[in-house]
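Trainee: sequence-free structure coming up:
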Ligand SMILES: C/C(=C\Cc1cc(O)c2ccccc2c1O)CCC[C@H](C)CCC[C@H](C)CCCC(C)C
Ligand SMILES: C[S@@+](CC[C@H](N)C(=O)[O-])C[C@H]1O[C@@H](n2cnc3c(N)ncnc32)[C@H](O)[C@@H]1O
């Protein structure tokens, strides 16, 4: 008899299959995305994002890209790093997320060095070797083709530069994975259901389960890749 790897009763895959489904999902959550991130991580995601930007090694005057920028947190941090002589592009395929990002730029009193671009991470609309640094926060787990996304990032990144990828990895430890899933089932989904978004946040569980494992055992992990100088 074949046994299912997980008890059927506790794991129902959320029907988020293709790029269009994901685009629709992120557009639906756009109005509450920032508030829920603050609430669910107890503000911790701001620290993770600052770490991720510092690991990108972006510096004054750089031209940088934030792929899957969503409501723009990483792009705003990058904006201060590169200064008024630098340039930040925030790219996302959800118009609703970009509208939130753009409206936040007017309230944030930030530099006028950010451009919001509606586009696909799997087909970046930029020339080869164009950016001095790239960030991607909680994006790689959500694209439908991770390999293609990495190929595109490495294509537009200048040789010798850094891409900083921030995401939740799947733990190698069954206990840690179970705790993450318990937290999602018992904290994340019930909180999101207050906003009518339980299915959207239940998707977090399957996306983490299908993602990469890390060397460490934590489920909150940042990865950095360097583009080798050719
Ligand atoms: C940064 C957070 C969420 C980002 C995020 C990423 C995604 O891929 C999504 C996909 C679909 C819908 C929404 C998202 C999304 O919001 C917030 C953190 C959520 C985590 C699951 C953390 C859960 C943490 C515990 C409930 C409390 C942990 C305390 C912390 C370690 C201090
Ligand atoms: C979890 S959000 C992360 C947003 C932001 N980077 C942050 O750290 O808060 C994931 C984002 O990836 C975007 N996304 C997913 N697949 C994409 C693709 N193929 N092209 C562009 N954006 C994509 C979604 O629209 C969403 O805004």
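Mentor: Perfect, I can see it now. Because the structure is predicted, anything quoted here is derived from the model rather than measured. Ligands and ions are numbered 1, 2, ... in the order given.
Trainee: which residues touch the closest residue to residue 108 other than its chain neighbours?
Mentor: Excluding the flanking residues, the one nearest residue 108 by Cβ to Cβ, 6 or more residues apart in numbering is residue 76, at 6.0 Å. The way it works is simple: take the backbone N, C-alpha and C, and place the C-beta from them, glycine included. Contact analysis of residue 76 by Cβ atoms under 8 Å, 6 or more residues apart in numbering lists 104-105, 108, 110, 114.
Trainee: try 10 Å this time
Mentor: 49, 53, 66, 69, 88, 90, 101, 104-105, 108, 110-111, 114 (Cβ atoms under 10 Å, 6 or more residues apart in numbering).
Trainee: which one of these is nearest residue 143?
Mentor: Proximity of the contacts of residue 76 to residue 143 (Cβ to Cβ) peaks at residue 69, which lies at 13.2 Å.
Trainee: phi, psi of residue 133?
Mentor: phi -160, psi 150 (degrees, to the nearest 10).
Trainee: make 311 the first number, not 1, from now on.
Mentor: Happy to do that; since the first residue is 311 now, the last one works out to residue 443.
Trainee: list the contacts for the most centrally placed residue in the chain?
Mentor: Closest to where the C-alpha atoms of the chain average out (Cα atoms, centre = their mean) is residue 448, at 1.9 Å. Residues in contact with residue 448 (Cβ under 10 Å, 6+ apart) are 347, 355, 358-359, 362, 378, 380, 383-384, 475-478, 514, 517.
Trainee: and residue 469, what helix or strand is that in?
Mentor: strand 467-478 (DSSP states H and E).
Trainee: list the neighbouring strands of that strand plus their orientation.
Mentor: Within its sheet, strand 467-478 is paired with strand 441-447 (parallel), strand 530-536 (antiparallel), according to DSSP bridges.
Trainee: about what we covered before: which of the contacts of residue 448 tops the neighbour count?
Mentor: Highest neighbour count within these: residue 384, with 28 neighbours (other Cβ atoms under 10 Å).
Trainee: so residue 421 sits in a strand?
Mentor: No - under DSSP: H, G, I helix; E, B strand; the rest coil, residue 421 falls outside any strand and is assigned coil.
Trainee: any idea how far ligand 2 is from it?
Mentor: 19 Å (Cβ to the nearest ligand atom, to the nearest Å).
Trainee: just residue 488 next, same as before
Mentor: Distance of residue 488 to ligand 2, computed by Cβ to the nearest ligand atom: 23 Å.
Trainee: secondary structure element for that residue?
Mentor: In the assignment (DSSP H and E), residue 488 maps to helix 484-493.
Trainee: quick one: that helix to chain centroid distance?
Mentor: Counting by Cα atoms, centre = their mean, to the nearest Å, helix 484-493 is centred 21 Å from the centre of its parent chain.
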